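A.B. asks: What follows is a protein structure lacking sequence information:
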């Protein structure tokens, strides 16, 4: 199954402006928390032995799939520079975006990073191979907002994934939302026992869930996979969507991006940063930034956040192991 864009059929992406990156906001939360009056700066002042002379901030490139990497680099450097300035005059900041997960892992093992953000799937790949501790996530990366729904037009007569054979489907971006593609693969293996590459007539990618929903609504595609959060928002804005579209399959919560610190960071320092970020939505500036990025707040990381994704990966691996090997 190869996702592609076909301008003669449906327009699948909007390049007029880059999509906001929720994961990068987690680090921005640190910036604001430290430079705002009444922030955690006093903690650093009282723990000079924990204050690094250089603040090393890392990001997986997959955190910014719809943003030019040079623009992302500039933005992250500005934010981390402000973070360093708030920590003290003797602290400098360096930011690096890692295109290869192996390079990010190597940097963590070398102790090169103070804090870093990466997709949950990458985190699961490296968590047992490096001393890292996840600390916070955006609230929009947990709960129903990270459940995926397979939607169709109620009047289409499509009631199961088997009915989508030779139909058209629009998916979220593979680079940013890999879990949605894995979920679709599992659905196909469980319900159709068919090779996904030959099941659909066309598969497209869209960077905006709202556009995917409208494509189904206006009969431009037969089905779409979107987040439950985006679907519920669309229903509120246009009740006709709730009446005309139906969900024929829904995933468990499949987590997004995670912000981590090295496990050796002092507990008091880690807690101070985390607690400040958790209360950021209570400040005027924090509210403005969160509104810009369309989230309410950040929340502490919990192992339960990853339960759905871990189960999905186990199920995929189990199904793949049962598939007959090709000659």
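C.D. replies: Everything's here; your move. Note that this is a predicted model, so its numbers are computed, not measured. Residues are numbered from 1 along each chain as shown.

A.B. asks: Next, the buried residues of the helix or strand encompassing residue 134.
C.D. replies: Secondary structure assignment for residue 134, by DSSP states H and E: strand 132-138. Residues of strand 132-138 classed as buried under the neighbour-count rule (16 or more other Cβ atoms under 10 Å) are 132, 134, 135, 136, 137, 138. (Each C-beta comes from the backbone N, C-alpha and C, glycine too.)

A.B. asks: Let's have these in TSV, adding distance to residue 220 and pLDDT.
C.D. replies: Below are these laid out as TSV (distance: Cβ to Cβ, whole Å; pLDDT from 0 to 100):
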residue	distance to residue 220	pLDDT
132	43	92
134	39	92
135	41	89
136	38	84
137	33	84
138	30	75
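
A.B. asks: which stretches of this structure have low pLDDT?
C.D. replies: 1-55, 64-93, 140-145, 193-197, 268-269, 272-273, 275-277, 279-281, 283-295, 324-327 (pLDDT under 70).

A.B. asks: That one: helices as residue ranges?
C.D. replies: Assigned helices in the chain, in chain order: 22-35, 41-46, 69-87, 101-110, 120-126, 178-191, 209-217, 228-237, 239-244, 267-278, 284-292, 307-322 (criterion: DSSP state H).

A.B. asks: what's near enough to touch the closest residue in space to residue 249 that isn't next to it in sequence?
C.D. replies: Nearest residue to residue 249 in three dimensions, chain neighbours excluded: residue 150, at 4.2 Å (Cβ to Cβ, 6 or more residues apart in numbering). By Cβ atoms under 8 Å, 6 or more residues apart in numbering, the residues touching residue 150 are 161, 184, 187, 223, 224, 225, 247, 248, 249, 250.

A.B. asks: One more: residue 153?
C.D. replies: Residue 153 neighbours (Cβ under 8 Å, 6+ apart): 216, 217, 219, 222, 244, 245, 246.

A.B. asks: Quick check: the fifth one touching residue 154?
C.D. replies: Yes: taking Cβ atoms under 8 Å as the definition, residue 244 is a contact partner of residue 154 at 5.6 Å.
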